[in-house]
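1. sequence and predicted structure below; questions after.
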Amino acid sequence: NILHEATGTGIGTKGDTKTINISAISGGYSLTDTTHTGKIITYDAKTTQTRGNVVTSTSTLFNTTTQRAAVDAHYYADVVYDYYLNTHNRDSYNGKGAAVESVVHFDKNYNNAAWTGQYMIYGDGDGVTFSELSGAKDVIAHELTHAVTETSSNLVYENQPGALNESFSDVFGYFVDPDDWLMGEDIYTPKIAGDALRSLSDPAKYDQPAHMNNYQNLPNTKAGDWGGVHINSGIPNKAAYNTIQKIGKVKAEKIYYRALTQYLTTNSQFVDAKKALVQSATDLYGATEAAAVTEAWNAVGVT
Ligand SMILES: Cc1cccc(C(=O)O)c1OC(=O)C1CC1
Ligand SMILES: [Ca+2]
Ligand SMILES: [Zn+2]
C-alpha cells in the first residue's frame, strides 16, 4: 500500500531531530524506507505484542514520545545498511537485499536487544541499566552484524565461536561508530555518565578478560551466557583493538569483513580467527599487515 517514497523528520530517543526515509501510504506515512533494494521497516510492539504494526504518522513528522525509539531504530538501520553497502559492497545483511525489520518497545523494561533470526528487537530498558536500546548507532550495528554473521560464517553462539560471534558484532559496532572504543555508551546507565557496556581498548574495565590467561570456562547454558560469549569476547575484542592501532581502521575493516565472510565457519575457534585474519591481511595487503595481525593476537595469548 506504498504510494511513494518521502522524506520525514523524526525526533530520536535523545530528543535530537533527524531526517528519515519514509513512505506515503493512504492516510499518512509509515516508517518504511524504500531507498535500498531491501526495505527498512520499523514496527512498534507496544510492550505486549510480538511484532506489532509498522509505525505510522498522519504527517511526515514522527515526533511523539512513543515514536522516539522507532525513529532511532529506523534511522540507524539505514546508517548500517549504507555502511555495509558502501564500505563492503554487501547489499543488506545477507548480501541479497533482504528487508531489514526492527521492532521497538519489545516487552516491558526489557534490558536487551537482539537479532531474532528474522528481525531485530529492542527493549526500552528499565531506565537504570539501559534507556531505549535502539538509541545508539553501535548497538544497531552490533545487532545487524549478528545477521551478517548468521548469513555468512554462521559462528555457533556458544564457547569460542560464540565469543567470536559477539566480538565481530562489537568490532563492526566500532567500525560504524569509531568515535570511541566503547559499546553501548549512549544507552547504558542513563543516570551515570562516561560508562559503557563494554570497552574494546580495555575489556577489563567492564570485567571482561583481555588475555587467554583469564579465559572464563563457563557452562554452555543460558545462565552461563552460553560459555561466556559476552565475557570471553573481550579477548578477540582486544586483539581487534591492537590490530586497528597498528594498521588503521580502513585496512582493518576490509580484513575483518573478508575473514568473517570468506574464511570463518560455524565452529571456528580463536586460533582459527587469528589464521583467517592473517590470511585476509595477506590476501588484501601483504606481509606487514599480516605480521601486525599476528602480533595483535599473540599479545592476547592466542599463539
Ligand atoms: C544489551 C544486550 C543484552 C543481551 C544480548 C545482547 C547482544 O546483542 O548480544 C545485547 O546487546 C548488545 O550487547 C549490544 C551491543 C550493546
Ligand atoms: Ca561506541
Ligand atoms: Zn550480541
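-> Here it is on my side, so go on. Ligands and ions are numbered 1, 2, ... in the order given.
2. residues of the stretch 1-150 of the chain that sit close to ligand 2?
-> D138 (CB under 5 Å from the ion). Heads up, the C-betas are built off the backbone N, CA and C, glycines and all.
3. distance of I255 relative to T265?
-> 17 Å (CB to CB, to the nearest Å).
4. and those two? Which one has more around it.
-> I255 (27 against 13; other CB atoms under 10 Å).
5. what sits against the residue positioned nearest the centre of the chain?
-> When CA atoms, centre = their mean is applied to the chain, the residue found nearest the centroid is H142 (1.1 Å). Contact partners of H142, counting by CB atoms under 8 Å, 6 or more residues apart in numbering, are A113, S169, D170, F172, G173, M183.
6. one more time with 7 Å
-> S169, D170, G173, M183 (CB atoms under 7 Å, 6 or more residues apart in numbering).
7. and the second one, how many neighbours?
-> Which is D170. By other CB under 10 Å, neighbour count at D170 equals 28.
8. the first one now?
-> The number of residues packed around S169, counting by other CB under 10 Å, is 23.
9. in terms of contact, does it touch T145 like I think?
-> Yes: assessed by CB atoms under 7 Å, S169 is found in contact with T145 at 4.3 Å.
10. residues of the helix ranked longest in the chain that come out buried?
-> Longest helix in the chain, counting residues (DSSP state H): helix 68-88. By neighbour count on 16 or more other CB atoms under 10 Å, the buried set for helix 68-88 is 68-78, 80-81, 83-85, 88.
11. now do that helix: distance to the chain's middle.
-> 10 Å (CA atoms, centre = their mean, to the nearest Å).
12. ok, the helix or strand following it: who's next to it in the sheet?
-> Once helix 68-88 ends, the next helix or strand along the chain (criterion: DSSP states H and E) is strand 100-104. Within its sheet, strand 100-104 is paired with strand 40-44 (parallel), strand 120-122 (parallel), according to DSSP bridges.
13. I'd like the ones you listed laid out as TSV, including mean pLDDT and distance to ligand 1.
-> What follows is the strands paired with strand 100-104, written out as TSV (pLDDT from 0 to 100; distance: least, CB to the nearest ligand atom, whole Å):
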stretch	mean pLDDT	distance to ligand 1
strand 40-44	98	18
strand 120-122	98	9
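14. now those as a markdown table including mean neighbour count and distance to I22?
-> Listed next are the strands paired with strand 100-104 as a markdown table, based on neighbours: other CB atoms under 10 Å; distance: least, CB to CB, whole Å:
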| stretch | mean neighbour count | distance to I22 |
| --- | --- | --- |
| strand 40-44 | 25 | 10 |
| strand 120-122 | 28 | 19 |
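15. and those as TSV, adding distance to K238?
-> Shown next, in TSV, are the strands paired with strand 100-104 (distance: least, CB to CB, whole Å):
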stretch	distance to K238
strand 40-44	33
strand 120-122	27
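16. for these, which one sits closest to E150?
-> Nearest to E150 among these is strand 120-122 (12.1 Å), distances taken as CB to CB.
17. the longest helix of the chain near ligand 1 at all?
-> No: residues of helix 68-88 contacting ligand 1 under CB under 6 Å from any ligand atom: none, with a closest distance of 12.2 Å.
18. what sits up against that helix?
-> Outside helix 68-88, the residues that reach it (CB under 7 Å, 6+ apart) are 10-13, 18, 20-21, 31, 33, 36, 40, 42, 44, 55, 62, 90-92, 100, 102, 104-105, 122, 124, 132, 134-135, 137, 140-141, 144, 148, 176, 253, 257.
19. how much does that helix deviate in direction from strand 100-104?
-> With axes from the mean of the first three to the mean of the last three CA atoms, to 10 degrees as the basis, helix 68-88 and strand 100-104 are set at 150 degrees to each other.
20. so which residues of this structure form helices?
-> Listed in chain order, the helices of the chain (DSSP H) span 68-88, 137-150, 159-176, 225-228, 234-247, 249-258, 270-284, 287-298.
21. tabulate the ones you listed in a markdown table, adding columns for mean pLDDT.
-> As requested, these are arranged in a markdown table below (pLDDT from 0 to 100):
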| stretch | mean pLDDT |
| --- | --- |
| helix 68-88 | 99 |
| helix 137-150 | 98 |
| helix 159-176 | 99 |
| helix 225-228 | 98 |
| helix 234-247 | 99 |
| helix 249-258 | 99 |
| helix 270-284 | 99 |
| helix 287-298 | 98 |
